[in-house]
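Novice: Give me a 3D structure for the following:
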Amino acid sequence: MSEDGLAPLREVIARYGLSARKGLGQNFLLDLNLTRRIARAAGPLSGHTVIEVGPGPGGLTRALLMEGADRVVTIERDARALPALAEISAAYPGRLRVIEADALALDMAKLTQGPVKVVANLPYNVATALLVGWLTLPWPPFWSSLTLMFQKEVAERIVARPGSGAYGRLSILAQWRARCRRLFDVDRRAFTPPPAVTSSVVEIIPLPEPEDAPAPAALEAVTRAAFGQRRKMLRSSLKAAASDPEALCARAGIDPTRRAEELTIEDFCRLARCLAG
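Specialist: Numbers count the residues shown, from 1 in each chain. Purely as a prediction, here's the structure:
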């Protein structure tokens, strides 16, 4: 038996035939010491509901409960994992709710009331889409923190600064509304099956919404256009978002001969405000 009195995860996976499916972006973490480290990285869990996306056989779910989460809501689209999660629910009466659903199609703000933290080893194939959705909600969001596992390359993009090769659309969308930190890396060998790359855990804490915040749709439009052709000057790349890119840059006080990676987050916010203007 494991420390929490439940069967070891390898035994659970074998019992229910939970081979990870590439099409679902699944890579399972089986080391409870590691999953407990991730749970602890989310800060004190007592007094919060924790939402977890893609629990699989429940390694992180068990860690969250062991580390003191009052209530965990898991969202899992793979029906094969439900019996394993039911075992955890039985071991922690009243503390675990399991929802069979596609997280991309779910309004998570309606799942619970009170303080919410999202902690997840996200399925790689939907990780970026989920994060963008959480960052472009009406502000302040329903969550007080996100502690999420990504491929290392994606994590580097989230925290990248202007001028770096990783700086791009995801950097802007994450940092205009939140404080983002890469906490630690997780070796590929910690997963079953091992993915091709290292993973990283990222902490995202929402910032207060400034009075002159741009509309999320406008910010998405200018960042998508600018970084869609990042080697080109803004006067060319922004044609995908504005009929007259040079006039847009002039209104925002930005030199149209600059390139996307040279602009700060505030530069992009000014462009977005002028585009929506």
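Novice: Just confirm residue 182 is within a strand.
Specialist: Yes. Assigned with DSSP: H, G, I helix; E, B strand; the rest coil, residue 182 falls within a strand.
Novice: Run through the residues that contact it.
Specialist: Residues near residue 182 by Cβ atoms under 8 Å, 6 or more residues apart in numbering: 155, 156, 158, 159, 200, 201, 202. No exception for glycine: its C-beta is placed from N, CA and C like everyone else's.
Novice: What's the local residue count around the fourth one?
Specialist: Counted with other Cβ atoms under 10 Å, the neighbours of residue 159 add up to 21.
Novice: Show me what the lowest-mean-pLDDT helix or strand in the chain is in contact with.
Specialist: Ranked by mean pLDDT, DSSP states H and E, the weakest helix or strand in the chain is strand 191-192, scoring a mean of 80. For strand 191-192, contacts defined as Cβ under 8 Å, 6+ apart pick out 10, 13, 20, 27, 28, 29, 30, 199.
Novice: Now with 6 Å, please.
Specialist: 27, 28, 30 (Cβ atoms under 6 Å, 6 or more residues apart in numbering).
Novice: Compare those and tell me which has the most neighbours.
Specialist: Within the contacts of strand 191-192, neighbour counts (other Cβ under 10 Å) peak at residue 28, which reaches 24 neighbours.
Novice: who does that one bridge with?
Specialist: According to DSSP bridges, the partner residues bridging residue 28 are residue 192.
Novice: I'd guess residue 219 is in a helix, am I close?
Specialist: Yes. The assignment for residue 219, made by three-state DSSP, places it in a helix.
Novice: ok, now which ones touch it?
Specialist: Contacts of residue 219 by Cβ under 6 Å, 6+ apart are residue 272.
Novice: pLDDT wise, what is it at?
Specialist: What the model reports as pLDDT for residue 219 is 96.
Novice: now swap in residue 170 and tell me
Specialist: 96.
Novice: for it, what are its contacts?
Specialist: Residue 170 is in contact with 157, 158, counting by Cβ under 6 Å, 6+ apart.
Novice: Kindly report the same for residue 45.
Specialist: Taking Cβ under 6 Å, 6+ apart, one finds 67, 68, 69 in contact with residue 45.
Novice: The nearest residue to it once chain neighbours are set aside - how many residues pack around it?
Specialist: Nearest residue to residue 45, sequence neighbours excluded (Cβ to Cβ, 6 or more residues apart in numbering): residue 69, at 4.1 Å. Using other Cβ under 10 Å, residue 69 is surrounded by 26 other residues.
Novice: Return the distance of residue 69 relative to residue 85.
Specialist: Per Cβ to Cβ, to the nearest Å, residue 69 is found 15 Å from residue 85.
Novice: Repeat that for residue 263.
Specialist: Taken as Cβ to Cβ, the span from residue 263 to residue 85 is 44 Å.
Novice: and what of residue 3?
Specialist: Residue 3 is 18 Å from residue 85, where distance means Cβ to Cβ.
Novice: Which one of those two is surrounded by more residues?
Specialist: Using other Cβ under 10 Å as the criterion, residue 3 and residue 85 rank with residue 85 on top: 23 against 10.
Novice: Which parts of this structure belong to which domain?
Specialist: Domain assignment for the chain by automatic domain parsing gives 9-206, 216-276.
Novice: Comparing those domains by mean pLDDT, which bottoms out?
Specialist: For the domains of the chain, mean pLDDT drops lowest on domain 9-206, to a mean of 93.
Novice: quick revisit: list the buried residues of the helix or strand following the least confident helix or strand of the chain.
Specialist: The helix or strand immediately downstream of strand 191-192 is strand 199-206, counting by DSSP states H and E. By 16 or more other Cβ atoms under 10 Å, the buried positions in strand 199-206 come out as 199, 200, 201, 202, 203, 204, 206.
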